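> Pasting the sequence and the predicted model now:
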Amino acid sequence: MCGITGFIEMTPRPTGEARDLVIRMTRALQHRGPDSEGYWQSPSEEVNFGHRRLAIIDLSPTGGQPMTTADNRYTLSYNGEIYNFIELRKTLEGDGVSFRGCSDTEVLLQALAIWGVEPTLRKLNGMFAFSFWDAAEQVLYLARDRFGEKPLYYAWHNHVFLFGSELKALAQHPAFERKMDADVLASYMRFSYVASPLCIFKGAHKLQAGHFLKVHLGKPPGRSQPYWQLCQVVRDREYVTLKPGEPGLIDLVERTLRRAVKIRMVADVPLGAFLSGGIDSSTIVALMQAESSRPIKTFTIGFWATGYNEGENAALVAKHLGTEHHEYYLSSRETMDAITRLPEIYDEPFADSSQIPTTLVSQFTRRHVTVALSGDGGDELFGGYNRYVWSRRLWPTLGLLPQRLRQYMREVMLSFSPESLESIISAANPFVSPRLRVRGGGEKMHKLATAVLSRNTDEFYRCLVSQWQEPLNAVYAETEAVGFSDDRAILPSNLEYPERMMYWDQMTYLSSDILCKVDRASMSESLEARVPFLDNDVVKLAWSLPLSVKINKGIAKWPLQQILKRYLPPKLFERPKAGFGVPIEAWLRGPLRSWAEGLLDERRLYDQHLFNPKVIRHYWQEHLSGRRNFQHLLWNVLMFEAWRDRWT
């Protein structure tokens with residue numbers, strides 16, 4: 001795992017100045033690669049690469065970067081891991097290629113040089129972002145893995161092309177412009193993250209997942225091109241014919257997932273896993289332990305707040321599986337200190353509050369290991385979110401109702417406070433499956449009240465995943481930027497609605513929120529996080545399973561639960577789903593109140609002329625009064641304001 005950066009600049013600089021710039025850009029990424037640094041410049045110093053290394057495989061200097069072929073034509077600077085590099089190496093050796101070392105970097109370099117960029121990208125199974133220079137063609141290639149596990153920004157400012165793993169590297173170059181895009185801010189307020197390929201700064205972009213970009217020397221970048229598309233996987237899928245209960249179905253899922261886990265356990269440094277005690281992380285840990293001859297290391301953090309502590313569940317799972325478990329209960333001071341670091345960790349505004357525990361568990365884990373496997377992606381691939389379960393029946397019924405009746409339903413639902421709805425839900429608990437009970441059910445019912453007016457499935461989904469339903473009421477922007485771009489027209493017309501939601505989540509929320517959170521949090525601590533659920537074969541298999549297998553008789557992630565039953569008693573994982581959360585609602589009324597009040601000061605908001613102060617202050621006062629819980633809406637504003645203080 002590493003950090004990469006660089007630039008192309010045609011205007012000659014005094015001798016050594018370009019190198020000084022790329023050194024400065026590279027050192028801004030030291031946290032991503034504390035073990036060593038490297039630089040490369042073209043003979044004319046027009047093209048400049050910088051690299052920070054976190055050594056994972058082949059710790060010797062032969063794995064150092066940037067790496068150049070023997071004939072000096074090709075140069076690679078790469079961040080990530082290619083999990084099938086041993087297979088690729090054997091193929092290349094069969095073609096007569098010899099290698100100096102044992103790193104996946106050298107395999108990737110030779111593959112790109114011999115097979116070409118796009119054919120190589122289609123063969124890779126891994127997480128990566130790389131820059132690749134072809135001196136003969138005078139062309140730079142940037143590429144990013146299929147789901148965007150590894151980040152890559154680029155910008156064309158003042159006739160200079162800049163790129164890097166994080167914006168803080170680009171910002172070290174004098175050509176970089178920090179002009180904020182208010183339209184992107186509006187999009188951020190809706191989703192709590194800046195969706196790819198958007199960037200909060202004008203003229204800058206995130207390379208889309210599954211894409212590569214070709215940049216000719218001295219010319220502005222064109223449009224990126226896809227080398228892999230999820231919609232193609234969905235369209236071309238061939239359903240597994242085995243049905244629930246038939247021999248072999250769960251064996252197939254376990255075998256595929258176990259192989260994905262196994263190849264992600266290859267490392268020349270200490271390795272472990274995050275363990276929350278939920279279905280996804282427990283599945284990964286169970287399969288890791290099955291692949292290991294000694295106890296694997298597992299890591300959990302705990303909170304003292306009631307309803308937010310998963311430490312006890314994780315400890316029970318770890319004990320049953322026989323892992324070497326490490327847990328740490330956080331003090332309020334440690335938690336508050338982490339919040340002050342967030343604007344530095346996230347180069348763009350980012351307001352998924354699970355960023356706090358993810359940062360803290362990464363910090364704790366890095367004290368013991370350098371690589372950690374995580375269970376991210378299981379919900380999106382195997383139908384884990386509650387909305388997948390109930391929307392399967394709700395939308396077909398809702399779509400048939402006249403708008404007037406839906407309007408009445410909305411008014412009735414909103415006439416109850418979230419607390420009243422919580423009481424109703426609690427009273428109904430004896431009649432509701434434990435798997436369907438969720439934290440914050442009253443607020444979720446209020447969101448559903450807004451969604452019932454949706455005219456189609458796209459609008460219904462958008463309402464469900466939006467924090468600010470009408471961000472232009474709160475933000476002074478001309479329009480709301482649109483980030484997601486993919487040809488959904490080729491999706492099968494008979495795709496069931498929950499599967500459409502899974503597709504959208506994988507293309508947007510998973511890529512721009514979940515994976516961004518995991519990368520920035522882990523790499524801020526120089527920890528490599530690996531995600532077995534996003535293995536090429538696992539993704540393909542997940543989409544080949546009928547929805548009735550993934551959500552079987554109302555049971556979400558049914559295949560994963562059946563796998564877990566082979567390793568754990570059901571009582572350890574059959575619990576209501578809970579996100580990796582923290583009690584932001586209470587903190588904003590308590591220990592974070594003074595901090596939040598300063599960022600939401602009315603005069604400050606007026607002077608910035610970005611937010612409508614009256615709207616923001618209204619939500620703040622309502623939240624403080626306890627009448628409503630507006631933690632998510634306010635956290636978006638607070639994270640932006642804290643980010644703005646750091647970046648502008």
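On my side now, so go ahead. Numbers count the residues shown, from 1 in each chain.

> I'd guessed Ser77 sits against Gly3; true?
No - applying Cβ atoms under 8 Å as the test, Ser77 and Gly3 come out as separate, 9.5 Å apart. For glycine as for every other residue, the C-beta is placed from the backbone atoms N, C-alpha and C.

> If you count surrounding residues, which of those two has more?
Using other Cβ atoms under 10 Å, the more surrounded residue of Ser77 and Gly3 is Gly3, with 31 against 28.

> got the contact list for stretch 33-40?
Contacts to stretch 33-40, defined as Cβ atoms under 8 Å, 6 or more residues apart in numbering, come from residues 1-3, 19, 22-23, 26-27, 30, 48-55, 64-66, 68, 75, 77, 526.

> Please apply the same query to stretch 529-539.
Applying Cβ under 8 Å, 6+ apart, the external contacts of stretch 529-539 come out as 81, 83, 125, 127, 146-147, 149, 230, 233, 256-257, 259-261, 263-264, 274, 280, 284, 287, 362, 371-378, 381, 515, 518-519, 522.

> Endpoints of that stretch, how far apart?
Stretch 529-539 has an end-to-end distance of 18 Å (criterion: Cα to Cα, to the nearest Å).

> For it, give the mean pLDDT please.
Confidence over stretch 529-539 (mean pLDDT, whole number) is 98.

> so for stretch 145-155, what's the average pLDDT?
98.

> What residues of that stretch count as buried?
By neighbour count on 16 or more other Cβ atoms under 10 Å, the buried set for stretch 145-155 is 145-155.

> what do you get for stretch 326-339?
Using 16+ other Cβ under 10 Å as the test for burial, stretch 326-339 gives 326-328, 330, 335, 338-339.

> Go through the buried residues of stretch 145-155 and say which is closest to Asn386.
Using Cβ to Cβ, Phe147 comes nearest to Asn386 of the buried residues of stretch 145-155, at 22.4 Å.

> From Gln561, how far out is that closest one?
As judged by Cβ to Cβ, to the nearest Å, Phe147 and Gln561 stand 24 Å apart.

> now do Glu106
Distance, Glu106 to Gln561, by Cβ to Cβ: 41 Å.

> what do you get for Ile114?
Taking Cβ to Cβ, one finds Ile114 at 44 Å from Gln561.

> More neighbours: which of these two?
Gln561 (20 against 16).

> Then that one would be within a helix, right?
Yes - residue state for Gln561 (DSSP: H, G, I helix; E, B strand; the rest coil) corresponds to a helix.

> Isn't it up against Ser282?
No - counting by Cβ under 8 Å, Gln561 stays clear of Ser282, with 10.0 Å between them.

> Quickly list what's touching both of the two.
Residues touching both Gln561 and Ser282 (Cβ under 8 Å, 6+ apart): Phe573.

> Verify the contact between Gly378 and Gly384 for me.
Yes - look at Gly378 against Gly384 with Cβ under 8 Å: they come within range, at 6.0 Å.

> intersection of neighbour lists for these two?
Counting by Cβ under 8 Å, 6+ apart, the residues touching both Gly378 and Gly384 are 279-280, 557.

> Looking at those residues, state which has the most neighbours.
Busiest of these [other Cβ under 10 Å] is Lys557, holding 27 neighbours.

> any idea how far the residue lying closest to Asn84 once chain neighbours are set aside lies from Ser282?
Nearest residue to Asn84, sequence neighbours excluded (Cβ to Cβ, 6 or more residues apart in numbering): Asn125, at 4.3 Å. Distance, Asn125 to Ser282, using Cβ to Cβ: 24 Å.

> Look at those two and report which has more neighbours.
For Asn125 versus Ser282, neighbours defined as other Cβ under 10 Å are more numerous around Ser282 (29 against 19).

> Distance-wise, check that one relative to Ser374.
To Ser374, Ser282 is 12 Å away according to Cβ to Cβ.

> For Leu316, state which of the shared contacts of Gly378 and Gly384 is nearest.
Among the shared contacts of Gly378 and Gly384, and counting by Cβ to Cβ, the member closest to Leu316 is Ile279, at 14.0 Å.

> Verify the contact between that closest one and Gly384 for me.
Yes - with contact defined as Cβ under 8 Å, Ile279 counts as touching Gly384 (7.2 Å).

> Is Lys297 in contact with Glu327, as I believe?
No - look at Lys297 against Glu327 with Cβ under 8 Å: they stay out of range, at 11.6 Å.

> Can you tell me the centre-most residue of this structure?
Nearest residue to the geometric centre of the chain (Cα atoms, centre = their mean): Leu515, 1.4 Å.

> tally of neighbours for Arg235?
13.

> now the strands for the stretch 501-648 of the chain?
528-530 (DSSP state E, counting those that start in this stretch).

> shaky segments in it?
576-581 (pLDDT under 70).

> please redo it, this time with the cut-off set to 90
Flagging of the stretch 501-648 of the chain using pLDDT under 90 yields the residue ranges 553-554, 572-583, 585-586, 626-629, 648.

> What segments of it are helices?
515-523, 536-544, 547-550, 558-564, 584-589, 593-599, 602-608, 613-625, 631-647 (DSSP state H, counting those that start in this stretch).

> list the buried ones in the longest one?
Right, the one you point to is helix 631-647. Applying a neighbour-count criterion of 16+ other Cβ under 10 Å, one finds 631-644, 647 buried in helix 631-647.

> List the contacts of Ala186.
471-472, 475, 477, 479-481.

> Double-check that it belongs to a strand.
No - counting by three-state DSSP, Ala186 is not found in a strand; it is helix.

> measure it to Phe611 for me?
10 Å.

> got any residues that touch both of the two?
Listed contacts common to Ala186 and Phe611 are Val475; contacts here mean Cβ under 8 Å, 6+ apart.

> Next up, identify which helix or strand Ile23 is on.
According to DSSP states H and E, Ile23 maps onto helix 17-27.

> Please name every helix or strand in contact with that helix.
Under the contact definition 3 or more Cβ pairs under 8 Å, 6 or more residues apart in numbering; DSSP states H and E, helix 17-27 sits against strand 2-9, strand 36-41, strand 47-53, helix 167-170.
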